[in-house]
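> Fold the stuff below for me.
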Amino acid sequence: MRRDPPSPSPDGDGTPTVPPAPLAPLIHGRARLLVMSHLTRCGATAFTELRSRLGLTDGTLSVHLATLEQGGAVEIVKEFVGKKPRTVVRVTPRGRELFAGYVEDLKRIVPGLAPGDD
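Numbering: from 1, shown residues only. A predicted model of the protein is given here:
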């Protein structure tokens, strides 16, 4: 993703201002950010475990997973363990890229998030 260089400071003090980065709307919602954070940190997770760890209802989690899946950020796999169905969610390579970009955008617009910022 191409980023424009910082523009000169409007107050003329020489400090460049960084234009606000557009936070990826696919990830920016609270529930989707929780899902992506968990999957990026922990890897593939069963739907039921994801639901309980994130404190979301079945319906809420299902809706947000469908949105993430449509955006190519997660893959949802339905399988059987013995005779029991199990749904597993994993982040895709595109999802990792989107999440990393989201984190970088946050570092650019929130002072103190990037290492060395004080």
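> Rounded mean pLDDT for the longest helix anywhere in the chain, please.
Counting residues, the longest helix found in the chain (DSSP state H) is helix 93-109. Mean pLDDT, taken over the full extent of helix 93-109, equals 92.
> do the same with stretch 43-55
97.
> one step back: helices or strands up against the longest helix of the chain?
Here helix 93-109 touches helix 25-28, helix 30-42, going by 3 or more CB pairs under 8 Å, 6 or more residues apart in numbering; DSSP states H and E. C-betas here are computed from N, CA, C, even on glycine.
> Run through who's touching the helix or strand containing Arg86.
Assessed by DSSP states H and E, Arg86 sits inside strand 84-91. Here strand 84-91 makes contact (CB atoms under 8 Å, 6 or more residues apart in numbering) with 35-36, 39-40, 43-48, 50, 65, 73-80, 99.
> do the same with stretch 47-63
Applying CB under 8 Å, 6+ apart, the contact partners of stretch 47-63 are Ala31, Leu34, Val35, His38, Leu39, Thr45, His64, Leu65, Arg86, Thr87, Val88, Val89.
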